[in-house]
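Undergrad: Provide a 3D model corresponding to the input given below.
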Amino acid sequence: MRIQNLLKNQDGLTLFEVLATLVIMSIIALTLFSVITTSKDQHNKQSDANKQVNDASYALKLITKDIRKYPNNVIANDTFLSISINSDSTETIVYSFEDIAKTINKDGVPIVSDIEDFKAIPCKSGLPDCTFIEIYNNEKTVSTEIILRKGNNSP
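TA: The predicted structure follows:
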């Protein structure tokens, strides 16, 4: 008798209810997948942009450090920067921009890649001991103006 009551009780799910549940679950899954994919792509773009800005800032830091270490003989000529280490200019540090490879090189060795443009020019302010450096990569510009201040050496 119990078995007959169980067989007569048909409180199961209809095909329509199962299909409706599958459709709703599919919509939720697709939405979650889309959000995760978009978030991952945005994260990658921002990480690349931050890396490029950090690389450009690193190059500026190296150049600034060398100019401040050897301030007497700095020659800035558009995409070329030469810093003489000693007074007779036999030893120099040369920073140059390689247009084809899109790199900034220090003495011929690449230090930063994926650079669109590099400028090293005397400051527009006309100060004699001033160098303006600008690095441009993928819509981001990092620049600095290096002013050498010389102390008073008089007794």
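
Undergrad: could you use CA atoms for every contact and neighbour count after this?
TA: OK.

Undergrad: sec struct for residue 118, please.
TA: strand (DSSP: H, G, I helix; E, B strand; the rest coil).

Undergrad: which residues touch the residue nearest the centre of the chain?
TA: In the chain, the centroid-proximal residue (Cα atoms, centre = their mean) is residue 52; its distance is 1.8 Å. Contacts for residue 52 (Cα atoms under 8 Å, 6 or more residues apart in numbering) come out as 114, 137.

Undergrad: that's a helix at it, yeah?
TA: Yes. Judged by three-state DSSP, residue 52 forms part of a helix.

Undergrad: what is the burial count for the residue nearest to residue 91 when sequence neighbours are not counted?
TA: Closest residue to residue 91 apart from its sequence neighbours, by Cα to Cα, 6 or more residues apart in numbering: residue 85 at 5.5 Å. Applying other Cα atoms under 10 Å, we find 19 residues neighbouring residue 85.

Undergrad: what's the answer for residue 108, then?
TA: Residue 108, neighbours per other Cα under 10 Å, totals 13.

Undergrad: pLDDT value on it, please?
TA: Per-residue confidence (pLDDT) for residue 108: 90.

Undergrad: separation between it and residue 15?
TA: 72 Å (Cα to Cα, to the nearest Å).

Undergrad: could you do residue 97 as well?
TA: Distance from residue 97 to residue 15, by Cα to Cα: 69 Å.

Undergrad: higher neighbour count, these two?
TA: Neighbour tally, residue 97 and residue 15, criterion other Cα under 10 Å: the higher count belongs to residue 97, 26 against 9.

Undergrad: let's verify the more buried one: helix, strand, or coil?
TA: When classified by three-state DSSP, residue 97 comes out as strand.

Undergrad: low-scoring stretches of this protein, by residue?
TA: 1-10, 125-128, 150-155 (pLDDT under 70).

Undergrad: in it, which spans are strands?
TA: 74-77, 80-84, 92-98, 103-106, 109-112, 117-122, 130-137, 140-147 (DSSP state E).

Undergrad: which one of the ones you listed lies nearest to residue 57?
TA: Comparing these by their distance to residue 57 (Cα to Cα), the top pick is strand 140-147, with 6.7 Å.
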